[in-house]
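S.K.: Got a sequence here, can you model it:
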Amino acid sequence: MGFTTQTGPQTHTIIHMKIYVGNLTEKVTTDQIRDLFATHGEIQDVYFVNDKATGKPRGFGFVLMPDAAHASAAMKALNGFELDGQALAVNEPKAKKKSDPGPPKRGSRPSRPPGGHSRGHRLRR
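M.R.: Numbering: from 1, shown residues only. Okay, here's the model as predicted:
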């Protein structure tokens, strides 16, 4: 995954690989994950995802590494690695799913076109 930044007249492309790290316990820290991945190469960032309502960790996070070869090696070496009694799930992140609104709620009516008339017919009186 690459990002382009512009500073003055020059444009720089920053390349990094995002790695999903799952099955984390509440005791695991970002420093522990950083140290674990640092044995495989340079780390740009480590962050965990927290629940919006409670603020507690959701049990997964992400590691950003600038070198794709180092990131691939880290994924191979650390997937299944036991940390704090749990086997880590380490892989490339999956694309977010668009939320599906699902079927209409019970009692709801289908939407009508502007003007309030269905199929363009006028109501007869």
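S.K.: Let me see the ranges of the strands in the protein.
M.R.: 2-7, 10-15, 17-22, 45-50, 57-65, 82-83, 86-87, 89-91 (DSSP state E).
S.K.: Please identify the most buried of these.
M.R.: Sort the strands of the chain by mean neighbour count, taking mean count of other Cβ atoms under 10 Å, and strand 17-22 sits at the top with a mean of 20. (Glycine included, C-beta is placed from N, CA and C.)
S.K.: Point out the other helices and strands that that one packs with.
M.R.: When contacts are defined as 3 or more Cβ pairs under 8 Å, 6 or more residues apart in numbering; DSSP states H and E, strand 17-22 packs onto strand 57-65, helix 68-78, strand 89-91.
S.K.: Paired strands for it, with orientation please.
M.R.: Here strand 17-22 is paired, per DSSP bridges, with strand 57-65 (antiparallel), strand 89-91 (antiparallel).
S.K.: got those as TSV, with mean pLDDT columns?
M.R.: Putting the strands paired with strand 17-22 into TSV (pLDDT from 0 to 100) gives the following:
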stretch	mean pLDDT
strand 57-65	97
strand 89-91	98
